[in-house]
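Visitor: Fold the following and give me the result.
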Amino acid sequence: MKKNLIKNIAPLSILVCLPLISFIACSSDSIDDTTLEEMNENDEDEPVVTQLHAAYSAFNTDAVTVYLDGSEVVIETTGLPNHETVYWGEGNTLYKEEPDVARTPSIMSSNNNATTIRVDATPNLSGSTVSTNFNTIGIAVSGASIFNDQEGGGPLDQAAASLDWTGAHIGPGVYHYHLEPKAFTDDDENLVGILLDGVFLYGRKCSSTGEYPTNLDTSGGHTSTTQYTDGEEEYHYHIINEVYSTTGSYLAFAGPYQGY
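Guide: Numbering: from 1, shown residues only. Model (predicted):
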């Protein structure tokens with residue numbers, strides 16, 4: 001009798017447990033589905049960059065190599081610009097005589113022209129700002145560096161006499177622009193380069209209107225279409241249309257960065 005009782009109870013236990021197992025399995029599936037949905041939503045919040053921004057096509061390929069490395073863009077440059085300047089030195093095919101320039105050493109006498117920077121492929125425009133610092137703050141389309149409005153720890157005015165026709169000189173180290181680089185942007189909307197925060201810098205005019213933008217923030221930035229965004233709006237900087245001090249030209253970029 002006991003054996004028969006045990007035999008009868010066992011099937012009944014299985015029948016009772018089956019719905020419970022089924023319920024737990026369904027609950028587990030439901031949790032997994034929800035988790036997957038949340039993960040997918042998080043993935044959508046962080047866009048995956050699979051190709052370089054079209055603006056990089058404007059860079060001098062003889063001097064600049066650009067490639068993606070995960071969520072960053074690596075910009076490697078020889079630092080050698082593709083335009084004329086007195087700083088090439090006599091005998092060079094790109095040498096330009098500029099008798100009024102108080103020359104510092106020539107480009108070819110400098111042994112550290114090469115520069116590499118890494119920038120976020122998608123700038124972090126969260127509203128926080130970071131001040132620029134000395135040395136390279138960006139790479140221009142020519143292949144040379146962009147510097148801010150300071151020189152040697154002081155105002156740029158004290159070094160103004162050494163700036164060539166396109167607002168650049170050497171010291172310290174690499175050939176670099178402080179002012180609007182007239183060799184490739186002169187009162188127009190042309191691309192100047194990319195800054196360390198991953199935001200592009202353009203000339204004094206905006207390609208979306210053909211006019212000087214009037215809605216720039218303290219960094220000279222605003223959001224609009226550019227010649228490289230295929231109709232999409234994008235935050236970018238402009239050279240601010242205000243004459244800088246005694247130089248009679250325009251600062252390339254003083255900051256602060258908006259894209260960190």
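Visitor: ok, residue 66 - contacts?
Guide: By Cβ atoms under 8 Å, 6 or more residues apart in numbering, the contact list for residue 66 reads 52, 56, 59, 73-76. Using the backbone N, CA and C atoms, a C-beta is placed for each residue, glycine as well.
Visitor: and if you look at residue 134?
Guide: 147-148, 150, 153.
Visitor: re earlier: quick check: ChimeraX command selecting the buried ones in the contacts of residue 66.
Guide: In ChimeraX syntax, the buried subset of the contacts of residue 66 is picked out as below (16 or more other Cβ atoms under 10 Å):
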select :56,59,73,75
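Visitor: Could you grab the helix/strand/coil label for residue 158?
Guide: Secondary structure for residue 158, judged by DSSP: H, G, I helix; E, B strand; the rest coil, is helix.
Visitor: circling back to that earlier point, now, which of the contacts of residue 134 lie within strands?
Guide: residue 150 (DSSP state E).
Visitor: So which of the contacts of residue 66 are in strands?
Guide: Going by DSSP E, the strands hold 73-76 from those.
Visitor: Quick one: those as a markdown table, columns for distance to residue 120 too.
Guide: As requested, the ones in strands among the contacts of residue 66 are exported to a markdown table (distance: Cβ to Cβ, whole Å):
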| residue | distance to residue 120 |
| --- | --- |
| 73 | 8 |
| 74 | 11 |
| 75 | 12 |
| 76 | 17 |
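Visitor: Tell me the one of those nearest residue 168?
Guide: Residue 168 lies nearest to residue 75 out of the ones in strands among the contacts of residue 66, by Cβ to Cβ, at 18.1 Å.
Visitor: I'd like the distance between the closest one and residue 162.
Guide: Going from residue 75 to residue 162 by Cβ to Cβ, to the nearest Å gives 26 Å.
Visitor: State the helix or strand in which the nearest residue to residue 181 once chain neighbours are set aside lies.
Guide: Spatial nearest neighbour of residue 181, chain neighbours left out: residue 166 (4.9 Å); criterion: Cβ to Cβ, 6 or more residues apart in numbering. For residue 166, there is no helix or strand it lies in under DSSP states H and E.
Visitor: quick revisit: out of the contacts of residue 66, which is nearest to residue 239?
Guide: residue 59 (17.6 Å).
Visitor: Number of residues surrounding the residue lying closest to the closest one once chain neighbours are set aside?
Guide: If the residues on either side of it in the chain are set aside, residue 59 comes closest to residue 141, at 5.0 Å by Cβ to Cβ, 6+ apart. Neighbour count for residue 141, taken as other Cβ atoms under 10 Å: 26.
Visitor: repeat for residue 209
Guide: Residue 209, neighbours per other Cβ under 10 Å, totals 12.
Visitor: I'd like to check which residues are in contact with it.
Guide: residue 224.
Visitor: Now it: which helix or strand?
Guide: Applying DSSP H and E, one finds residue 209 in no helix or strand.
Visitor: quick one, helices of the stretch 1-150 of the chain?
Guide: Ranges of helices in the stretch 1-150 of the chain, per DSSP state H, counting those that start in this stretch, are 2-45.
Visitor: now it, which segments are flagged as low pLDDT?
Guide: 1-47, 110-111 (pLDDT under 70).
Visitor: re earlier: ok, the contacts of residue 66 vs residue 117, which is closest?
Guide: residue 75 (5.2 Å).
Visitor: is it true that that closest one touches residue 193?
Guide: No: assessed by Cβ atoms under 8 Å, residue 75 is found out of contact with residue 193, at 9.2 Å.
Visitor: Give me the common contacts of those two.
Guide: 59, 139.
Visitor: before we move on, the earlier item: tell me which residues touch the residue nearest to residue 181, please.
Guide: 83, 85, 177, 179, 181-183 are the contacts of residue 166 under Cβ under 8 Å, 6+ apart.
Visitor: cool, and residue 236?
Guide: 199-202, 221-224, 226.
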